[in-house]
Structures are given as C-alpha cells and as structure tokens.
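Colleague: For reference, the sequence and a predicted model appear below.
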Amino acid sequence: QVQLVESGGGLVQAGGSLRLSCAASGRTFNFYAMGWFRQGPGKERDFVAGISRGGTSTDYADSVKGRFTISRDNAKNTVYLQMNSLKPEDTAVYYCAAALTAYGSIPQIYNYWGQGTQVTVSS
C-alpha cells in the first residue's frame, strides 16, 4: 500500500512558476514509476509527465514540454513537478500516481493516486 500526498498548488499569474511535490508513504517508493496527471473542469484526466523508478527516464505531454520538469528524490520518497511559464490553460487539479509497471500516459496502469492539488493560473 502506498499513500500519496500532493502539495504546492495555488494561484499564480500567467508566466509564473510553481513546484508541486508528492510525498509517498512506505519504504518501497523506488519500486514505483511515477506520473503526474491533471484534470481541468469538465475534462478528462490527462497525462502530464512520467518518471522511471531510478529517475533516469522521463516523458512529457507535448503541451508541457520545455516548461515542466519532473524529478524524484528516492531518499525523500518524493516526486516533484517544476512548472515554469505557466499558462491559463494549465489550470487544473494535479494528481500524482504510482505504477508498479513502467510509467505511461494511460491512467489505468497506475496503482495508487493522491488526492490532488489545485493549480490556478490567472491571465
């Protein structure tokens, strides 16, 4: 069992930055690939970024490439999402998720989810 708790969301102006954190419970954090997803009002939950167990492999949605960076610190059981050059269309609830398999863009492959943190970008 893994519990995930996101933090770092908030209100920011367009062009600003935020860093989201996702803290995981348990001693097996490095067994899991991790992903960040987001869900805007009335929209489906979309893949944002993923990172492998050791942190050596990452992937991003086209809409965030060059602006967002995913990273992890296995010693701290934490995965991060650095978000720069934020746009109003980035407004959503952001979720982190853990997968025993490799990371991917399909929500169904993830075994555990956090409760989400709201990110609002004003124009």
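Modeller: Everything's here; your move.
Colleague: can we go C-alpha only for contacts and neighbour counts from here?
Modeller: Noted.
Colleague: Quickly list what the residue positioned nearest the centre of the chain is bridged to.
Modeller: Most central in the chain under Cα atoms, centre = their mean is residue 36, positioned 2.4 Å from the mean C-alpha point. According to DSSP bridges, the residues that bridge with residue 36 are residue 49, residue 96.
Colleague: For it, give me the pLDDT.
Modeller: If you check residue 36, the pLDDT there is 98.
Colleague: how close does the most far-flung residue of the chain relative to its centre get to residue 97?
Modeller: Most distant from the centre of the chain: residue 123, at 22.6 Å, with distances by Cα atoms, centre = their mean. Distance, residue 123 to residue 97, using Cα to Cα, to the nearest Å: 29 Å.
Colleague: For this structure, which segments are assigned as strands?
Modeller: With DSSP state E applied, the chain shows strands at 4-7, 10-13, 18-24, 33-39, 45-51, 58-60, 68-73, 78-83, 92-99, 112-113, 117-122, listed in chain order.
Colleague: right, and these - which one's nearest residue 105?
Modeller: strand 45-51 (5.1 Å; Cα to Cα).
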